[in-house]
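Novice: below is the sequence, then the predicted model.
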Amino acid sequence: AGNALSPLQANYVVKLEFETFQQAEVVIGQADFEGIEFNRGGLPAANTLGEPYGNPAVAPDGRLFIAESENHRVLAYQAAPSANGADGVFVLGQPGFTSAVYNVQRGSNPFPNSVSITNGKMAVAHYGANRVVIYNTVPADGSAEQSVVVGQPNFTASGEACTATGLNGPQGATLTPDGKLIVTDSANNRVLIWNSVPSVDGQPVDVVQGQKDFTHCTENDFDGNDVADSGPTQYTLNYPAGVWSDGTRLVVSDYGNHRVLIWNRMPTSTFQPADVVLGQPSFDQGLANNANGDDTPDTPNAQTLNFPYGGVTSNGVQLAVADLGNNRVLIWNTFPTTNAQAADMVLGQMTFNLNTRNDSDGDSTPESKGSDRSLSGPGGLLFHQNTLIVVDSGNNRALVFRSR
C-alpha cells in the first residue's frame, strides 16, 4: 500500500562442514606446506613465524593477529591470507620485521601466548613477563602501545606472584562480548575473571576458579592446604592453558589433567565446579589418553586428550580443541553437554586412533617435512567466517581449513 517497512536484521551461526584428515587450503608462515623450520631457517621476516602459540584473533576490519612466542612479537596481516607464504603488514613488540629481542616494557611482547579481540579492544597474554596487556584500541600499525597491564604494577615489572594482582606464566586471555577479561594463570593453576575489562595497571581480579582463594596456587588442591591431591576434581586445575567464552559459557583446556572443562554458566563466585569434562571418563581422572578409565595410557580415540594446550575455540555451535600431545585438532559438531562426549572429526590424523606428528600417510612414522593434512603440536585455534585457523606450533606455521 506504499507504506514503508522497517528492515529486519538477524545474525545466524551456520555449522561449518569439515571432514576427518581434511586438507588445509592455505599455509601461513611457510612458503609451502612442506616447510616446517623456525623462521624458515633464517631470521624473522614479514612472512615467517617462530613458534606461534595460543589462539589468533581477527579484528572487525579483518586484520589477523598471530602471537609468536620465540620471536617476542605479534604479527599482523591485512586479512586472513588466501595464498601461501603471505607477508604480514606490521609487527607489535619489535622495531621491525627482522628483530626478535626479548624485553619487558610498554609496547613489548615477551613470549606472547594468545590474542583476543572484542568490542574494539585487544588483549595479549605474556607468558614470559607474567602479565596480560590490553590495547584499548585494536592496533592499526606497529607504533601502537598497550594501554593497561594486569599481573604487574607497571610495564617494566615481570615478577611471579600468587595474589589477587599477580600472575605466573599466563598462557591464555580472552575478552568476552559482555566486557569481561578471563585469563588462564597457568603456572598458578587457576583461571582469573575480571568482571569488567581492567582500566588501571595492576587491577585486582574479581573471581578465581581452580583455587579456594587468591593466595593458593597448587595444582589439584581441593582442600586449599597447598598440597596437590591424588587426582583432579571438578573444582581443581593443573596448568590450565587455553580459554574460550561467549560471556555465558566458559571452556578451559586443563593441560596437566589432559582434559577440557566446561562451565555452562559463567562463574560468578570463587571455586565453582565445572559442569562437563571432556577427555576423561569422569572429573576425578587425569591421565593422558585414558580411553578405558583404568588410569593406564591407551591408544587415543575420539574421547581422549593428551596435553591439550592453548587452542580451544567455538563459533557458538561447534567446539574445537587443539590436542597438542596427540598432534591433532578435535571438533565437536554440537557444543558438548555430557562427560567424555566423543568428538565428531579429527584434523591432523587419518583416524582418531593415530597421534604421530607430521604423519601424512597414517603409518605412525613422523616425517621430516610438513603437509597440508598433518600437524605437529598444534597450540591455537580460531573459527573465522567459514574457516578454522589452526596454529601449528611445532611446524612454525598456521593452517587455514575451509568449510566444505
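Specialist: Structure received. Please read these numbers as outputs of a predicted model, since none were measured by experiment. Numbers count the residues shown, from 1 in each chain.
Novice: now do stretch 290-300: distance from first to last residue.
Specialist: 8 Å (CA to CA, to the nearest Å).
Novice: right, I mislabeled it, should have said stretch 196-208
Specialist: 14 Å.
Novice: which residues outside it are in contact with it?
Specialist: Outside stretch 196-208, the residues that touch it by CB atoms under 8 Å, 6 or more residues apart in numbering are 121, 123, 134, 148-155, 164-165, 175, 179-181, 190-195, 214, 267-271. Glycine gets a C-beta too; all of them are placed from N, C-alpha and C.
Novice: can you turn the buried part of those into a ChimeraX selection?
Specialist: Selection of the buried residues among these in ChimeraX, burial being defined by 16 or more other CB atoms under 10 Å:
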select :121,123,134,148,149,150,151,152,155,175,180,181,190,191,192,193,194,214,267,270,271
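Novice: residues contacting the residue lying closest to residue 304 once chain neighbours are set aside?
Specialist: Nearest non-adjacent residue to residue 304, counting by CB to CB, 6 or more residues apart in numbering: residue 289, 4.4 Å away. Listed by CB under 8 Å, 6+ apart, the contact partners of residue 289 are 258, 297, 298, 299, 300, 301, 304, 305, 306, 326, 355.
Novice: same question, residue 239
Specialist: By CB under 8 Å, 6+ apart, the residues touching residue 239 are 186, 187, 189, 219, 254, 255, 256.
Novice: hmm, which two among the residues you listed are most spread apart?
Specialist: 187 and 254 (13.7 Å; CB to CB).
Novice: which of the two has more neighbours?
Specialist: residue 254 (31 against 18; other CB atoms under 10 Å).
Novice: ends of stretch 356-364, what's the gap?
Specialist: 5 Å.
Novice: quick one: the helices in the protein?
Specialist: With DSSP state H, there are no helices along the chain.
Novice: thinking again about what came up before, just the contacts of residue 239 now: which is nearest residue 389?
Specialist: Nearest to residue 389 among those is residue 255, at 20.7 Å by CB to CB.
Novice: so the closest one touches residue 237, yeah?
Specialist: No: contact criterion CB atoms under 8 Å: residue 255 and residue 237 do not qualify, at 9.0 Å.
Novice: okay, now residue 316: neighbour count?
Specialist: Using other CB under 10 Å, residue 316 is surrounded by 13 other residues.
Novice: whoops, residue 324 was the one
Specialist: Residues near residue 324, counting by other CB under 10 Å: 28.
Novice: state the pLDDT value of the residue lying closest to it once chain neighbours are set aside.
Specialist: Nearest residue to residue 324, sequence neighbours excluded (CB to CB, 6+ apart): residue 309, at 4.0 Å. pLDDT recorded at residue 309 is 92.
Novice: what about residue 309, neighbour count?
Specialist: Residue crowding around residue 309 was assessed by other CB under 10 Å; the count is 27.
Novice: I'd say it and residue 255 touch.
Specialist: Yes: checked against CB under 8 Å, the pair residue 309 and residue 255 is within contact range at 5.9 Å.
Novice: any common contacting residues for the two?
Specialist: Shared contacts of residue 309 and residue 255, defined by CB under 8 Å, 6+ apart, comprise 241, 242.
Novice: picking that back up, higher neighbour count, residue 255 and residue 237?
Specialist: residue 237 (29 against 24).
Novice: now do the contacts for the more buried one.
Specialist: 189-191, 209-211, 219-220, 252, 254, 256-257, 261.
Novice: swap in residue 308?
Specialist: Residue 308 neighbours (CB under 8 Å, 6+ apart): 241-242, 253-255, 258-260, 279, 321-325.
Novice: if we go to 6 Å?
Specialist: For residue 308, the contact set (CB atoms under 6 Å, 6 or more residues apart in numbering) comprises 253, 260, 321, 323.
Novice: so for stretch 393-404, what's the average pLDDT?
Specialist: If you average the pLDDT over stretch 393-404, you get 97.
Novice: what's the answer for stretch 284-301, then?
Specialist: What stretch 284-301 shows for mean pLDDT is 91.
Novice: show me what counts as buried in it.
Specialist: Buried residues in stretch 284-301 (16+ other CB under 10 Å): 285, 286, 287, 288, 289, 290, 291, 300.
Novice: what of stretch 125-143?
Specialist: Quick answer for stretch 125-143 (16+ other CB under 10 Å): 125-135, 138-139, 142.
Novice: of all these, the one with the weakest confidence?
Specialist: Across the buried residues of stretch 125-143, the smallest pLDDT goes to residue 128, namely 93.
Novice: roughly how far does the closest residue to it other than its chain neighbours sit from residue 185?
Specialist: Distances taken as CB to CB, 6+ apart put residue 111 closest to residue 128, at 3.0 Å, once the chain neighbours are dropped. Noted for residue 111: a distance of 15 Å to residue 185, by CB to CB, to the nearest Å.
Novice: repeat for residue 220
Specialist: 15 Å.
Novice: residue 39: which of the contacts of residue 237 is nearest?
Specialist: Nearest to residue 39 among those, with distances taken as CB to CB, is residue 256, at 29.7 Å.
Novice: residues contacting residue 355?
Specialist: So residue 355 contacts 300, 326, 327 (CB under 6 Å, 6+ apart).
Novice: just send the residues you listed back as JSON lines, with distance to residue 76 too.
Specialist: Converted to JSON lines, the contacts of residue 355 look like this (distance: CB to CB, whole Å):
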{"residue": "300", "distance to residue 76": "35"}
{"residue": "326", "distance to residue 76": "31"}
{"residue": "327", "distance to residue 76": "28"}
